[in-house]
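Engineer: pasting a predicted model and its sequence here:
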Amino acid sequence: MLYTVLCYNREDVVWSWTKEEDEAVMSRLSVVHEKLVREGKLGPSLRLLPTTAATTLRDGDMVIDGPFAETKEQLLGFYIIDVENLDAALDVAKQLSAANPTSVYEIRPIALYVPEARPNAPKEKIKVY
Amino acid sequence: MTDLAWIHGALTAARPQAVGALLRYFRDMDRAEEAFQDACLRALKSWPEKGPPRDPTAWLILVGRNAALDGVRKQGRTTELPPDDQISDLGDAESELAERLDGSHYRDDVLRLLFICCHPELPATQQIALALRIVSGLTVPQIARAFLVSETAMEQRITRAKARIAKADVPFETPGPVERAQRLAAVAAMVYLVFNEGYSAGNDPERAPLCDEAIRLARLLLRLFQTEPEIMGLTALMLLQQARLGARFDAQGEVILLDDQDRALWDAKLINEGLALMDKAMRHNRPGPYQVQAAIAAIHSRAATPAQTDWAGIDGLYLALERMQPSPVVTLNRAVAIAKLHGPAAALDMIGPLEKALAGYFHYFGTRGWLLLQLGRNQEARVAFDRAIALANTPAEAAHIRRHLDRLMASAEG
C-alpha cells in the first residue's frame, strides 16, 4: 500500500522556532528519514511554507489570499507542480478546477522537497483502491 | 505528555492574542498581563500531564480571565487561583469561547495591543521596547541587552511608557475600516523599526534576535490580515533581508557588501517565502512602499551573481519609491543603481545636492567615498571616508570604511 502521512502542528509555534530548535527537530527527523530510506519505504517528502504564503482558488476563478480554512470539506488529494510563479500555479489550479469544479484548490509553496528515495520505485501509475 | 519546549513555544505564540483579548475584558494593561501570567503558570502545571488543550489560546484567555475575576472577588482575602479540577473541566466552555473568539476578534485585539504601543507621544525606541515587552513577552533584561542599556534604565523606560499609555485614551470600540487601516499602517511601521533595530546591529548576538521577533510579528499580522498587500510586502522585505544574515559579516565580524557576499550562504528557505509573498502581493495591483522595497530586495535575491543584477529594474523601483515617499535616503540608494548603470560620475552628480540633508548620515559619506574612489579622486574619497568613520553607528561599519582607507593608503604608497 502507498500512504501519505500528513503532518499537522501550530505554524505560529513551529515558524517561531530558533534556527537551533528547528535544526534539532530536523536532525531527529532525519534519523527516521534515513532509516525509512534504508528500508525502502520512503517516497517523496516535503515541508510546506506557512499558510501565510498560501493562495486558494474557489469556484474556478475566485482567488483568495490565505489557506483553505473551511471545515466542511476534507483533504482528498494533492499535486506537486513545477512552475515559474504563483500566476502559473493558479493557471494549473484553474485547469484542474475546470475538470473538477466543486473542489477547492489551495496553492502552497514548498519550502523543502526531498525526492523519491526508493531504488525500485514504480514508474507506472498505481491504483490501490 | 507534552514537550516543555513546545509548551513554551505555544505560550509565546498565544501571547499577543491572549493578552489582547484580556485587555479587551479588563481594559487595564497591568491586569491583562497579570492574568496572562497566571494562566501561563497554570498551563505549565496542567499541560505536561494532561496534554495541551485543543485551542491553547482560548484556554489561556479563559483561565486568565477566571483567575483575575477570582482575584477581584476575593479582594481582601488571600488571592488563590481556581482549583485544578475546575480548569480540567474546561472542554465545553473552551470550545464555546473559541467559537466566539473567531478571527475577526483576534484581529482587532492584536491590532489594538500593538497599536497601543505605537502611541504617537512615545519616542520610537520606547514604542519598540513596549511592544517587545507587552506583545512579544521578552523579559526586561533581554530588551535591555538588545538596546545596550542597563536593566534598571530599561525597567524605568518601560514603566514610564506604560504610565503614559495608561493615561491616554485607548480605543476599545471595534475600529471602522479607515481607522483599522491607519492602525495597521502605524503597527507595520513599528514592526519594521523592530527589524531595523536588529538589522543595523548586524551580528551582535543580543540584538540580532530582534529581526526574528519582527518577522514573527509580521507573520502574525499577515495571518490576521491575509489580504493586505503591504503586509505581504513588509513580511517579504524582512524575510529577504534576513536571508542574507549569514553572508553579511566575515569571521572577524566585519561588514561584507552585497557584491562581495557568498550568495550560497543566503538562506534559500527565507528567500522562497519572501518571493512567494511578493507573488501574492503583486496580484493585488496596489503597490506601496514596503512592496517596492521588497521588490528591490527580490531582484537581488534572484541574481545568482552580482553581475546578473537587474540594475535598471532596481533604478525603476527606487524611482517609484521616491514618488511614494520622497526622501534623500531613497535618492542616495537610487544613486547606487545609477552608478552601476551610468557610471560613478552620474551618481556623484545625483547625490551632491543631498549633502546638506544627509550631513549626519554614515551611508552618505560611505557611498560618496566609494564613488570618488572609482573616479580615482582619492584625496576627496579619503575626506569622505573620514567623515563616514566619524558617523559610523557600529564598530563593524567603521571597520569596513577603514579597510577602504587602508587600501587607499596602500595604493598611494605603491
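Structural biologist: Okay, I see it. Residues are numbered from 1 along each chain as shown, chains lettered A, B, ... in the order given.
Engineer: B:F115 contacts B:A185, doesn't it?
Structural biologist: No. Here B:F115 does not reach B:A185: they are 10.1 Å apart, not a contact under C-beta atoms under 8 Å. Backbone N, C-alpha and C define where each C-beta goes, glycine included.
Engineer: so which of the two has more stuff around it?
Structural biologist: Comparing B:F115 with B:A185 by other C-beta atoms under 10 Å in any protein chain shown, the one with more neighbours is B:F115, at 21 against 15.
Engineer: excluding chain neighbours, what is closest to the more buried one?
Structural biologist: B:R183 (4.4 Å; C-beta to C-beta, 6 or more residues apart in numbering or on different chains).
Engineer: so who does that neighbour touch?
Structural biologist: B:111-112, B:115, B:118, B:175 (C-beta atoms under 8 Å, 6 or more residues apart in numbering or on different chains).
Engineer: same list, those residues, but as a markdown table with pLDDT please.
Structural biologist: Output for those, formatted as a markdown table (pLDDT from 0 to 100):
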| residue | pLDDT |
| --- | --- |
| B:L111 | 90 |
| B:R112 | 89 |
| B:F115 | 90 |
| B:C118 | 87 |
| B:P175 | 82 |
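Engineer: now the helix or strand containing the residue nearest to B:F115: mean pLDDT?
Structural biologist: Assigned by DSSP states H and E, B:R183 falls within helix B:177-200. Mean pLDDT, computed over helix B:177-200, is 90.
Engineer: and the next helix or strand past it?
Structural biologist: As assigned by DSSP H and E, the chain's next helix or strand after helix B:177-200 is helix B:209-224.
Engineer: wait, B:F195 sits on B:D212?
Structural biologist: No. At 9.3 Å, B:F195 does not count as touching B:D212 under the criterion of C-beta under 8 Å.
Engineer: tell me how many other residues crowd B:A201.
Structural biologist: Using other C-beta under 10 Å, B:A201 has 21 other residues around it.
Engineer: how far away is it from B:D260?
Structural biologist: Look at B:A201 and B:D260: by C-beta to C-beta, to the nearest Å, they are 21 Å apart.
Engineer: equivalent analysis for B:R302, please.
Structural biologist: 18 Å.
Engineer: these two: who's more crowded?
Structural biologist: More neighbours surround B:R302 than the other of B:R302 and B:D260, with 14 against 10 (other C-beta under 10 Å).
Engineer: what about A:A111, which SS state?
Structural biologist: strand (DSSP: H, G, I helix; E, B strand; the rest coil).
Engineer: wait, doesn't it sit right on B:N272?
Structural biologist: Yes. A:A111 lies in contact with B:N272 (C-beta under 8 Å); the separation is 6.4 Å.
Engineer: any residues in contact with both of these two?
Structural biologist: Shared contacts of A:A111 and B:N272 (C-beta under 8 Å, 6+ apart): A:L49.
Engineer: distance between the longest helix along chain A and the chain's centre?
Structural biologist: The longest helix of chain A (DSSP state H) is helix A:19-38. Distance of helix A:19-38 from its chain centroid, counting by C-alpha atoms, centre = their mean, to the nearest Å, is 18 Å.
Engineer: may I have that helix as CSV, with CA atoms only?
Structural biologist: Output in CSV follows, covering the C-alpha atoms of helix A:19-38 (Å, rounded to 0.1, in the frame of the first residue of the first chain):
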residue,chain,number,x,y,z
LYS,A,19,17.4,28.1,14.0
GLU,A,20,18.8,25.7,16.7
GLU,A,21,15.4,24.4,17.7
ASP,A,22,14.5,23.9,14.0
GLU,A,23,17.7,22.1,13.3
ALA,A,24,17.3,19.9,16.4
VAL,A,25,13.9,18.7,15.2
MET,A,26,15.0,18.3,11.6
SER,A,27,18.0,16.2,12.7
ARG,A,28,15.8,14.0,14.9
LEU,A,29,13.5,13.6,11.9
SER,A,30,16.4,12.9,9.5
VAL,A,31,17.3,9.8,11.6
VAL,A,32,13.9,8.5,10.9
HIS,A,33,14.1,9.5,7.3
GLU,A,34,17.4,7.7,6.8
LYS,A,35,16.0,4.6,8.4
LEU,A,36,13.0,4.7,6.1
VAL,A,37,15.2,5.2,3.1
ARG,A,38,17.3,2.1,4.1
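Engineer: how many other residues sit next to B:A359?
Structural biologist: Neighbourhood size, B:A359 [other C-beta under 10 Å]: 11.
Engineer: okay, and it sits in which element?
Structural biologist: Secondary structure assignment for B:A359, by DSSP H and E: no helix or strand.
Engineer: who touches the residue in the stretch 301-414 of chain B that chain A sits nearest to in this structure?
Structural biologist: Ranked by C-beta to the nearest C-beta, the top residue of the stretch 301-414 of chain B for proximity to chain A is B:R302, at 11.2 Å. By C-beta under 8 Å, 6+ apart, the residues touching B:R302 are B:275, B:310.
Engineer: now the angle between helix B:209-224 and the helix holding B:R183, please.
Structural biologist: 160 degrees (axes from the mean of the first three to the mean of the last three C-alpha atoms, to 10 degrees).
Engineer: could you report the neighbour count for B:E179?
Structural biologist: B:E179: 13 surrounding residues under other C-beta under 10 Å.
Engineer: which non-adjacent residue is nearest it?
Structural biologist: With C-beta to C-beta, 6+ apart, the residue lying closest to B:E179 is B:P171, at 7.7 Å.
Engineer: I'd say the one you found and B:R112 touch.
Structural biologist: Yes. Assessed by C-beta under 8 Å, B:P171 is found in contact with B:R112 at 7.1 Å.
Engineer: more neighbours, these two?
Structural biologist: B:R112 (20 against 13).
Engineer: that one and B:I231, how far apart?
Structural biologist: Relative to B:I231, B:R112 is positioned 16 Å away (C-beta to C-beta).
Engineer: ok, now A:A98?
Structural biologist: Taken as C-beta to C-beta, the span from A:A98 to B:I231 is 32 Å.
Engineer: between those two, which one's more packed in?
Structural biologist: The neighbour count for A:A98 versus B:I231, taken as other C-beta under 10 Å, is higher for B:I231 (28 against 10).
Engineer: model confidence score at the more buried one, please.
Structural biologist: pLDDT, read off for B:I231, is 97.
Engineer: you'd agree it is in a helix?
Structural biologist: Yes. Counting by three-state DSSP, B:I231 is located in a helix.
Engineer: so what's it up against?
Structural biologist: Applying C-beta under 8 Å, 6+ apart to B:I231 gives the contacts B:184, B:188, B:218, B:221-222, B:225, B:290.
Engineer: please report phi then psi for the closest residue to B:D250 other than its chain neighbours.
Structural biologist: Counting by C-beta to C-beta, 6+ apart, B:I256 is the residue found nearest to B:D250 once chain neighbours are left out, at 5.7 Å. With angles defined as degrees, to the nearest 10, B:I256 sits at phi -110, psi 120.
Engineer: surely B:I256 is in contact with B:G246?
Structural biologist: No. Between B:I256 and B:G246 there is no contact under C-beta under 8 Å: 10.5 Å.
Engineer: can you pull the pLDDT of the residue of chain A positioned farthest from its centre?
Structural biologist: Within chain A, A:E20 marks the point farthest from the mean C-alpha position, 24.2 Å out by C-alpha atoms, centre = their mean. Per-residue confidence (pLDDT) for A:E20: 85.
Engineer: give me every residue that touches B:R402.
Structural biologist: B:I389.
Engineer: assumed it was part of a strand.
Structural biologist: No. Under three-state DSSP, B:R402 sits outside any strand and is assigned helix.
Engineer: separation between it and B:G369?
Structural biologist: In terms of C-beta to C-beta, B:R402 sits 11 Å off from B:G369.
Engineer: go on, B:D262?
Structural biologist: Counting by C-beta to C-beta, the separation of B:D262 from B:G369 is 24 Å.
Engineer: okay, those two: which has more neighbours?
Structural biologist: For B:D262 versus B:G369, neighbours defined as other C-beta under 10 Å are more numerous around B:G369 (26 against 10).
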